[in-house]
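**Q** Sequence plus predicted model, see below.
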Amino acid sequence: MNGSRVRDPVSLDAAARGRGPFVWRFNRFHRWTHAAVIVSFFLLVITGLPLRFSCAFWSGPLMALLGGVESAGFLHRVGAVVTFLYFGAHVGYVAVLFVRSPDRWSLFWGPDSMVPQPRDVVDFWNQIRWFLGFGPKPAFRRWSYMEKFDYLAVFWGVAIIGGSGLVLWFPEFFAAFLPGWAFNVATVIHADEALLAAGFIFTVHFFNVHLRPEKFPLDTVIFTGRATLEYMEEEHPEVMESVKENLHRTPSLDEVPDTPAPPPSRWATTVAAILGFTALAVGIALIGMILWAVTFC
């Protein structure tokens, strides 16, 4: 099986192309957290854009589709609550890992850490050189600098966008110790930072994860949690030593990273493809709406 070609029902999926076997990359908690991020982010963007660009031709119809201003406001707050819940769950998850880890230092400053390190600056520079044809493609560790940037952006977003949103959600409480001008600042920060986040996710993130040539048109690894051996060799070659040490093991549903996994079922792959293409389509439509509003409003 190690040298076989994978025949996946959705062959456009980058994570299912190439040589097998499949290998676990994400566990169930990672996948469900990312699902919560997707749902809450789209909900927040869709309900927030009509207020940010009330001058746009699509603002009125979109607000009507959402059920009106009150309904859109309620849905926006639901998205905010989901955001705070998954953020709290993730912080708790990291805390448990820290307590249980025999090597706590590696969680924050090791080859598998999500914390940016000097190596990431080198990888970024080497990738620019590779783009321009002046050097080889950099070999990424478990997490590339692109993935670390996306990860830390959530912390920034919850702190800045979430914090300013709470000020606007509970003005009576915050007015007890904040000056009046702070609410104007919170309104500007909340709108502009949210717009920046939407623009980044629907362009840079979509390109890095799905639309660059080696990923086009879709990569469902975050939905199924697994990818082929060839995918891992191409995307994260510096974890291959750990992966190859485990190749003798029987594929398991335990979802342990770097261990062999059974191929995703036809149902799981199809659902992942539908979710992925739907998110791409909606995100690209939203960035088109944003560009129209910024240009013509």
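**A** That came through, no problem.
**Q** can you give me the strands for the stretch 151-297 of the chain?
**A** Ranges of strands within the stretch 151-297 of the chain are 226-228, 260-261, based on DSSP state E, counting those that start in this stretch.
**Q** Okay, now the sheet partners of the shortest one, with direction.
**A** Using DSSP bridges, the neighbouring strands of strand 260-261 in the sheet come out as strand 22-24 (antiparallel).
**Q** can you give me how far the partner strand is from the chain middle?
**A** 20 Å (Cα atoms, centre = their mean, to the nearest Å).
**Q** Likewise for stretch 288-297?
**A** On Cα atoms, centre = their mean, the centre of stretch 288-297 falls 24 Å from that of its chain.
**Q** What residues sit buried inside that stretch?
**A** For stretch 288-297, burial by neighbour count (16 or more other Cβ atoms under 10 Å) applies to M289, I290, A293. Bear in mind the C-beta positions are built from the backbone N, C-alpha and C, glycine included.
**Q** any idea which residue of the chain is furthest from its center?
**A** Most distant residue from the mean C-alpha position of the chain: A176, 36.5 Å away (Cα atoms, centre = their mean).
**Q** tell me the phi and psi of that residue?
**A** Dihedral angles of A176 (phi, psi; degrees, to the nearest 10) stand at phi -70, psi -20.
**Q** Tell me the spacing between it and G288.
**A** Applying Cβ to Cβ, to the nearest Å, the value for A176 to G288 is 42 Å.
**Q** cool, and S40?
**A** Taking Cβ to Cβ, one finds S40 at 22 Å from G288.
**Q** likewise A261?
**A** Distance from A261 to G288, by Cβ to Cβ: 37 Å.
**Q** just checking, P260 touches L247?
**A** Yes: counting by Cβ atoms under 8 Å, L247 is a contact partner of P260 at 6.3 Å.
**Q** So which of these two has more stuff around it?
**A** A count of neighbours by other Cβ atoms under 10 Å puts P260 above the other of P260 and L247, at 22 against 14.
**Q** Tell me who's in contact with L218.
**A** If you count contacts by Cβ atoms under 8 Å, 6 or more residues apart in numbering, L218 has them with L12, D13, A14, H210, A273, G276, F277, L280.
**Q** got a pLDDT number for it?
**A** Predicted confidence (pLDDT) for L218: 93.
**Q** Against G60, how distant is it?
**A** 33 Å.
**Q** can you list contacts of stretch 247-265?
**A** Residues outside stretch 247-265 that contact it (Cβ under 8 Å, 6+ apart) are 2, 6, 8, 16, 20-28, 224-226, 229, 239, 242-243, 245-246, 272.
**Q** Now do the buried residues in it.
**A** When burial is assessed from 16+ other Cβ under 10 Å, stretch 247-265 yields the following buried residues: P251, E255, P257, D258, T259, P260, A261, P263, P264.
**Q** Show the average pLDDT along the helix or strand harbouring V94.
**A** Assigned by DSSP states H and E, V94 belongs to helix 69-100. On average, the pLDDT along helix 69-100 is 95.
**Q** What are the buried residues along it?
**A** A72, L75, H76, G79, A80, V82, T83, Y86, F87, H90.
**Q** got it, and stretch 157-167?
**A** Those buried within stretch 157-167 under the rule 16+ other Cβ under 10 Å are G157, V158, I160, I161, G162, S164, G165, L166, V167.
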